[in-house]
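# Fold the stuff below for me.
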Amino acid sequence: MSAKRYDLSCDDKAMFDLLKELGVARRSYANYRSHHEACAVIAMAAYAYWASVRLDSSKRSASAMRSELIQIACTAIRAVYDLELNEGMLHRGCSHD
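The predicted model follows:
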């Protein structure tokens with residue numbers, strides 16, 4: 001099985017939704033103050049996804065599961081920035097190869 005190539009450009013719907021969610025989170029919530037706080041929020045988001053995974057497949061909502069996964073990504077990216085773990089910009093622009 002070959003590895004999937006992910007489209008992480010600015011035009012990708014998942015990336016667009018992640019960036020939109022990050023904007024809402026930045027405006028709505030205070031910065032994480034510690035790794036413990038960030039871990040707790042990430043764990044809560046992961047548990048919400050796990051609750052969907054545990055459902056019978058006929059009762060799962062792909063839309064809800066996608067939303068929960070974007071929440072996990074959002075909380076993790078917020079932690080990188082809020083806890084000053086970002087290592088800087090690699091290059092200008094959005095596309096990655």
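# ok, residue 30 - contacts?
Taking CB atoms under 8 Å, 6 or more residues apart in numbering as the definition of contact, residue 30 has no neighbours. The way it works is simple: take the backbone N, C-alpha and C, and place the C-beta from them, glycine included.
# Same check on residue 78?
22, 25, 26, 31, 32, 38 are the contacts of residue 78 under CB under 8 Å, 6+ apart.
# Off-centre distance for the helix or strand hosting it?
Taking DSSP states H and E as the criterion, residue 78 maps to helix 62-82. Distance of helix 62-82 from the chain centroid (CA atoms, centre = their mean, to the nearest Å) equals 2 Å.
# coming back round to it: narrow the contacts of residue 78 to those that are buried.
22, 25, 32, 38 (16 or more other CB atoms under 10 Å).
# and residue 17, helix, strand or coil?
Under the three-state scheme (DSSP: H, G, I helix; E, B strand; the rest coil), residue 17 adopts helix.
# Alright, that wraps it up for me.
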